[in-house]
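[1] coords please:
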Amino acid sequence: MTKTIISCAITGTIHTPSMSPYLPFAPEDIARQAIDAAHAGATVLHLHARDPETGRPSADPAHYAAFLPQIAAGCDAVINLTTGGSAIMTLEERLAAPLRFAPEMCSLNMGTMNFALYPMADKPRVWRFNWEEPFLRNSDDLVFKNTPRDIEGVLTKMGQERGAQFEFECYDISHLYMLRHFVDRGLVTAPLFIQFVFGVLGGMGPDHDTLDHMVALADKLFGDSYTFSVLAAGRWQIPMAEHSIRLGGHVRVGLEDSLMIARGELATSNAQQVQKVRGLIEAAGRPIATPDEARALLGLKGATETKI
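    Next comes the predicted model:
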């Protein structure tokens, strides 16, 4: 039986500080929550950076440098740096930190898409920082750009030149065909780690039938050369994770994807979500992968080959 990889997305760039006092944005808080999540059972840590004063999404390598060494020293989890960053960033900005730190793993969104966050601005709240509300509201006219040329550049610079493997984030059926295109071009080789992403407005809705279809299509396109994981935004995080577990897939949780631990209850940490999904995996009789087992499964180069 394949062991289950738990990925944990620690802070992201979607939620804003006013939505939860537990969303980490200071470097010491990102590091502490990441290490605690790893100790709770997270195998892969998916990481973004934020401005430590305001919590605004940041691509500055200096902001990454303020927490990456502490995480690497505090746990053995796989460090997975975003190449998506935020839709407000250029590709050059998004790649600055991955190019500098050459991690074992990077995320890669497999297409250009609407990335609409503006409905979250309608919930009554007191805004902690003045950037938050316009950041959300202006996403009604925002496109996340990842053209085939962009994707080829990431695959070349991070994969071929720096040896990273990828978390291929597929928000839509078309993204699987784009991934197949790059396999056919020889820029992507097995083993593939595909992250099915549900619940972002502009991508797939959190529908169980759609997950079944995505798995069937990936089976057709990639055969036994891939493994899949599932993340779902908001309240669908755990129901879709349970479905992935039943299908034999891996799971991703974390405050990037959902701020909640139960209906109407904020999660107090990333580790709390990891513990919850770990309980579901173990109840299903499936073992949890260790970081080194995940490295072997995903074909990673190893932590000693990074510049963290």
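
[2] what about the stretch 1-150 of the chain, any weak spots by pLDDT?
    Judged by pLDDT under 70, the stretch 1-150 of the chain has no weakly predicted residues.

[3] Which residue ranges of it form strands?
    Assigned by DSSP state E, counting those that start in this stretch, the strands in the stretch 1-150 of the chain fall at 6-9, 44-47, 49-50, 57-58, 78-81, 105-109, 113-114, 143-144.

[4] out of the ones you listed, which comes closest to I281?
    strand 6-9 (7.4 Å; Cβ to Cβ). C-beta coordinates here come from the backbone N, C-alpha and C atoms, glycine included.

[5] Neighbouring strands of the closest one in the sheet, and parallel or not?
    The pairing partners recorded for strand 6-9 under DSSP bridges are strand 44-47 (parallel), strand 250-253 (parallel).

[6] residue contacts, A72?
    For A72, the contacting residues are 79, 303, 308, by Cβ atoms under 8 Å, 6 or more residues apart in numbering.

[7] hmm, 6 Å instead?
    I308 (Cβ atoms under 6 Å, 6 or more residues apart in numbering).

[8] My guess is I245 contacts G285. True?
    No: with contact defined as Cβ atoms under 6 Å, I245 and G285 do not form a contacting pair (10.0 Å).

[9] all helices for the protein, in order.
    27-40, 61-65, 68-74, 91-101, 132-137, 148-154, 173-184, 208-222, 237-247, 270-283, 291-298 (DSSP state H).

[10] Please identify the deepest-packed of the ones you listed.
    Of all the helices of the chain, helix 27-40 carries the top mean neighbour count, a mean of 22, counting by mean count of other Cβ atoms under 10 Å.

[11] Show the secondary-structure elements that it is packed against.
    The contact analysis (3 or more Cβ pairs under 6 Å, 6 or more residues apart in numbering; DSSP states H and E) places helix 27-40 against helix 68-74, helix 270-283.

[12] As TSV, these with distance to S229 would be great.
    As requested, the helices and strands packed on helix 27-40 are exported to TSV (distance: least, Cβ to Cβ, whole Å):
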stretch	distance to S229
helix 68-74	20
helix 270-283	11
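
[13] For S20, find the nearest of those helices.
    Ranking the helices and strands packed on helix 27-40 by proximity to S20 (Cβ to Cβ) places helix 270-283 first, at 11.4 Å.

[14] Next, the angle helix 237-247 makes with the closest one.
    30 degrees (axes from the mean of the first three to the mean of the last three Cα atoms, to 10 degrees).

[15] next one: helix 270-283 to chain centre, how far?
    17 Å (Cα atoms, centre = their mean, to the nearest Å).

[16] what mean pLDDT would you report for that helix?
    In this model, helix 270-283 has a mean pLDDT of 98.

[17] Need the CA coordinates for it. PDB is fine.
    Extracted in PDB, the C-alpha atoms of helix 270-283 (Å, rounded to 0.1, in the frame of the first residue of the first chain):
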ATOM      1  CA  ASN A 270      -1.800  24.600  10.600                       C
ATOM      2  CA  ALA A 271      -0.800  21.700  12.900                       C
ATOM      3  CA  GLN A 272      -4.400  21.400  14.000                       C
ATOM      4  CA  GLN A 273      -5.600  20.700  10.500                       C
ATOM      5  CA  VAL A 274      -2.700  18.300   9.900                       C
ATOM      6  CA  GLN A 275      -3.700  16.300  13.000                       C
ATOM      7  CA  LYS A 276      -7.300  16.200  11.900                       C
ATOM      8  CA  VAL A 277      -6.600  14.800   8.400                       C
ATOM      9  CA  ARG A 278      -4.000  12.500   9.800                       C
ATOM     10  CA  GLY A 279      -6.700  11.000  12.000                       C
ATOM     11  CA  LEU A 280      -8.900  10.400   8.900                       C
ATOM     12  CA  ILE A 281      -6.000   8.700   7.100                       C
ATOM     13  CA  GLU A 282      -5.100   6.500  10.000                       C
ATOM     14  CA  ALA A 283      -8.800   5.600  10.500                       C
END
